[in-house]
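Novice: any chance you could fold what I've pasted below:
(one chain, ligands or ions: 1)
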Amino acid sequence: MRILIVLVFSFFAYNPAVLACGGAPCGDACNMGDAPSDSVDLSSLEGERAAFSVEGMKCGRCSAKVVAALNAIEGVKGASVDHATGNAQVVFQAGKTDSAALLAAITATGYAATAAQ
Ligand SMILES: [Cu+2]
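Specialist: Residues are numbered from 1 along each chain as shown. Take a look at the predicted model:
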């Protein structure tokens, strides 16, 4: 039991991805400061829409990581993520993916997220 606690602590203490960007898991080359967010206009896209509130993003590299994860899902037509507000918008094809899968993809990048209205 004690060794397990040490192992878990070591993972978080020494994993560079966890430590980068003031704790944001965007990678060790994160420090992009005022880099633009990956906010794009999705209004022309047809499809289902979902919105999420993402916590812990610090820079444009953070939002780029979330956008890439969303765009990698089959059925996603577009994703817009603002690292400053934590607002993520996704347009997707119903039947190919769903809101739960999108949320899972976001949280898999290392950022906590919840569905937003
Ligand atoms: Cu970052």
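
Novice: C-alpha from now on. contacts and neighbour counts both.
Specialist: OK.

Novice: is the ion within reach of stretch 59-71?
Specialist: Yes. For stretch 59-71, a contact with the ion is found by Cα under 5 Å from the ion, at Cys59, Arg61, Cys62.

Novice: what about the residue lying closest to the last one once chain neighbours are set aside, distance to Leu103?
Specialist: By the measure of Cα to Cα, 6 or more residues apart in numbering, the closest residue to Cys62 outside its immediate chain neighbours is Cys26, 4.8 Å from it. When distance is defined by Cα to Cα, to the nearest Å, Cys26 is 17 Å away from Leu103.

Novice: tell me which of these two has more neighbours.
Specialist: Comparing Cys26 with Leu103 by other Cα atoms under 10 Å, the one with more neighbours is Cys26, at 29 against 20.

Novice: now do the strands in this structure.
Specialist: With DSSP state E, the ranges of strands along the chain come out as 48-54, 76-81, 87-92, 113-116.

Novice: can I get these in JSON lines with mean neighbour count, distance to the ion and mean pLDDT?
Specialist: Shown next, in JSON lines, are the strands of the chain (neighbours: other Cα atoms under 10 Å; distance: least, Cα to the ion, whole Å; pLDDT from 0 to 100):
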{"stretch": "strand 48-54", "mean neighbour count": "20", "distance to the ion": "13", "mean pLDDT": "97"}
{"stretch": "strand 76-81", "mean neighbour count": "22", "distance to the ion": "13", "mean pLDDT": "96"}
{"stretch": "strand 87-92", "mean neighbour count": "22", "distance to the ion": "15", "mean pLDDT": "96"}
{"stretch": "strand 113-116", "mean neighbour count": "15", "distance to the ion": "16", "mean pLDDT": "96"}
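
Novice: and the gap between Leu70 and the ion?
Specialist: Distance, Leu70 to the ion, by Cα to the ion, to the nearest Å: 17 Å.

Novice: again, but for Ala112
Specialist: Distance of Ala112 to the ion, given as Cα to the ion: 14 Å.

Novice: residues near that residue, how many?
Specialist: Residues lying near Ala112 (other Cα under 10 Å) number 15.
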